[in-house]
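*Asks:* Fold the following.
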Amino acid sequence: MEIHGLQKLTLLDYPEKVACTVFLSGCNFRCPFCHNSDLVFNNFDPIMDEKEFYDFLNKRQGLLDGVCITGGEPLIRKGLKEFIKPIKDLGFLVKLDTNGFNLKALKELVDLKLIDYVAVDIKNSKERYNETIGVENFDISLIEDTVSYLLEDNVDYEFRTTVVKEFHDIDSFIGIAKWIKGAKKYYLQPFVNRDSVILQGLSEPSKEELESYAKYLTKYIKNVEIRG
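*Replies:* Next up, the predicted model:
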């Protein structure tokens with residue numbers, strides 16, 4: 001497994017855990033607001049291989065609780081199961097970030113007890129999903145299946161949405177709220193404009209807008225927080 005980024009310490013990525021975050025390249029979505037465009041398009045060389053990463057983890061036993069695996073989209077990478085197993089063997093918890101397109105692969109990792117926490121990006125309401133992910137004619141049922149699976153509480157999880165002024169309004173969150181009603185945790189993350197964003201010129205939501213969305217969402221979801 002080629003690794004394209006490593007944050008050696010994070011107190012934010014894995015709730016209530018001290019962790020590191022490893023970045024894998026490649027993604028099947030083209031979200032215009034994505035700030036990891038180099039990872040999406042695999043525009044740079046890997047920084048290490050899996051052996052070097054395992055050596056890093058060996059030295060962090062007792063210091064880190066867990067490992068966050070993100071991207072890009074990790075579930076498009078071949079050998080992910082084989083990559084995670086030694087991490088678990090070292091005693092670390094594993095959190096997986098995913099766009100939710102591949103329930104079969106996700107379920108296999110859960111059934112094998114290779115992941116402990118899943119974070120799924122809910123990009124928008126169903127009606128605006130294709131527009132928001134930058135992919136025409138995407139089969140939204142793939143995301144619906146993953147949402148239904150997680151709502152059954154098969155593994156600890158969270159849903160989250162990066163809020164972009166041009167893509168999200170109250171109708172977006174009315175749709176999302178009804179879709180993921182009863183979810184354990186839902187986070188709103190304000191878009192931050194950076195040079196690495198796929199499409200320049202997008203806007204951050206105001207604090208007031210985020211707070212109004214969160215207030216509405218609490219009618220359907222018990223734990224709603226603004227993150228970042």
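*Asks:* quick one: residue 202 and residue 212, what's the gap?
*Replies:* Noted for residue 202: a distance of 20 Å to residue 212, by C-beta to C-beta, to the nearest Å. (C-beta placed from N, C-alpha, C; glycine too.)
*Asks:* Now tell me which helix or strand of this protein has the poorest mean pLDDT.
*Replies:* Least confident helix or strand, the chain: helix 37-40 with a mean of 90, by mean pLDDT, DSSP states H and E.
*Asks:* OK, contacts around residue 172?
*Replies:* By C-beta atoms under 8 Å, 6 or more residues apart in numbering, the residues touching residue 172 are 124, 125, 128.
*Asks:* again, only using 6 Å
*Replies:* When contacts are counted by C-beta atoms under 6 Å, 6 or more residues apart in numbering, residue 172 is found next to 124, 125.
*Asks:* is it true that it lies in a strand?
*Replies:* No: Residue 172 is assigned helix when assessed by DSSP: H, G, I helix; E, B strand; the rest coil, not a strand.
*Asks:* quick one on the thing from earlier: how far out from the middle of the chain is the least confident helix or strand of the chain?
*Replies:* Relative to its chain's centre, helix 37-40 lies at 14 Å (C-alpha atoms, centre = their mean, to the nearest Å).
*Asks:* next SSE after that helix?
*Replies:* strand 48-49 (DSSP states H and E).
*Asks:* Can you read off the pLDDT for residue 179?
*Replies:* For residue 179, the pLDDT comes out at 97.
*Asks:* What about it, how many residues nearby?
*Replies:* By the criterion of other C-beta atoms under 10 Å, residue 179 has 18 neighbours.
*Asks:* Helices of the chain, residue ranges please.
*Replies:* 37-40, 50-58, 80-89, 103-111, 129-133, 141-151, 170-179, 207-217 (DSSP state H).
*Asks:* Could you measure from the residue of the chain positioned farthest from its centre over to residue 52?
*Replies:* Residue farthest from the centre of the chain, counting by C-alpha atoms, centre = their mean, is residue 59 at 26.5 Å. Noted for residue 59: a distance of 11 Å to residue 52, by C-beta to C-beta.
*Asks:* ok, now residue 94?
*Replies:* Where residue 52 is concerned, residue 94 sits at a distance of 18 Å (C-beta to C-beta).
*Asks:* Which of those two has more residues huddled nearby?
*Replies:* A side-by-side neighbour count of residue 94 and residue 52, using other C-beta under 10 Å, places residue 94 first with 21 against 12.
*Asks:* Let me see the contact set for the more buried one.
*Replies:* Listed by C-beta under 6 Å, 6+ apart, the contact set of residue 94 reads 67, 84, 87, 115, 116.
*Asks:* Please render those as JSON lines that adds pLDDT and distance to residue 188 to the earlier fields.
*Replies:* Shown next, in JSON lines, are those (pLDDT from 0 to 100; distance: C-beta to C-beta, whole Å):
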{"residue": "67", "pLDDT": "98", "distance to residue 188": "25"}
{"residue": "84", "pLDDT": "98", "distance to residue 188": "29"}
{"residue": "87", "pLDDT": "98", "distance to residue 188": "29"}
{"residue": "115", "pLDDT": "98", "distance to residue 188": "24"}
{"residue": "116", "pLDDT": "98", "distance to residue 188": "24"}
